[in-house]
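Enquirer: What follows is a predicted protein model with its sequence.
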Amino acid sequence: MDISVCLITYNKLPFLKRSINSFVQSVDSAFKVQFLTWDNGSTDGTDEYLGSISVPDNVVHEHYSSDVNVGLNAYGLLAKHATGKIIVTMDDDIFKIAFSYADYRG
């Protein structure tokens with residue numbers, strides 16, 4: 001993988017949907033992307049949503065969750081699964097994302 005993108009969330013489903021939509025539309029097809037998501041015990045349907053999202057062919061989505069909110073420690077838990085040359089964290093309320101192969105110097 002070129003890039004591993006790690007996203008954790010907790011009870012922000014409306015924001016999360018918008019963020020993931022932006023992410024999916026922004027991923028440059030020249031990258032092989034691992035998209036790791038973690039639900040911190042949400043009660044608003046987040047876990048079900050993350051388990052059913054569609055991603056482009058060059059993106060592999062792996063979803064993890066816990067019954068309790070482990071906070072920012074979830075980034076460390078996701079990093080253990082990351083296989084990309086670059087690891088990026090993504091917040092669940094980011095609505096503009098840009099990946100460009102021309103900017104990649106790896």
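Expert: Structure received.
Enquirer: contacts, neighbours, all on C-alpha from now
Expert: Noted.
Enquirer: Now find how far off-centre stretch 28-42 is within its chain.
Expert: Offset of stretch 28-42 from its chain centre (C-alpha atoms, centre = their mean, to the nearest Å): 3 Å.
Enquirer: Give me the buried positions along that stretch.
Expert: Going by neighbour count (16 or more other C-alpha atoms under 10 Å), the buried part of stretch 28-42 is 28, 31-42.
Enquirer: if you average pLDDT over it, what comes out?
Expert: Here stretch 28-42 scores 95 as its mean pLDDT.
Enquirer: hmm, who's touching it?
Expert: Contact with stretch 28-42 is made by 1-11, 46-47, 50, 58-71, 74, 78, 81-84, 99-101, as judged by C-alpha atoms under 8 Å, 6 or more residues apart in numbering.
Enquirer: Span of it from start to end?
Expert: End-to-end distance for stretch 28-42, by C-alpha to C-alpha, to the nearest Å: 30 Å.
Enquirer: Phi first, then psi, for G76.
Expert: Main-chain dihedrals, G76, degrees, to the nearest 10: phi -60, psi -40.
Enquirer: meant to ask about K80, not that
Expert: K80 adopts backbone torsions of phi -60, psi -20, taken as degrees, to the nearest 10.
Enquirer: which residues in the protein form strands?
Expert: 3-9, 33-39, 59-65, 86-90 (DSSP state E).
Enquirer: What separation do you get for D57 and R18?
Expert: Remark: distance between D57 and R18 (C-alpha to C-alpha) = 20 Å.
Enquirer: which of the two has more neighbours?
Expert: R18 (15 against 9; other C-alpha atoms under 10 Å).
Enquirer: partners of the residue nearest the centre of the chain in the sheet?
Expert: The chain has L7 as the residue nearest its centroid, 4.0 Å off, counting by C-alpha atoms, centre = their mean. On the basis of DSSP bridges, L7 is bridged to T37, M90.
Enquirer: Next up, the contacts around it.
Expert: Contact analysis of L7 by C-alpha under 8 Å, 6+ apart lists F35, L36, T37, W38, Y75, T89, M90, D91, D92.
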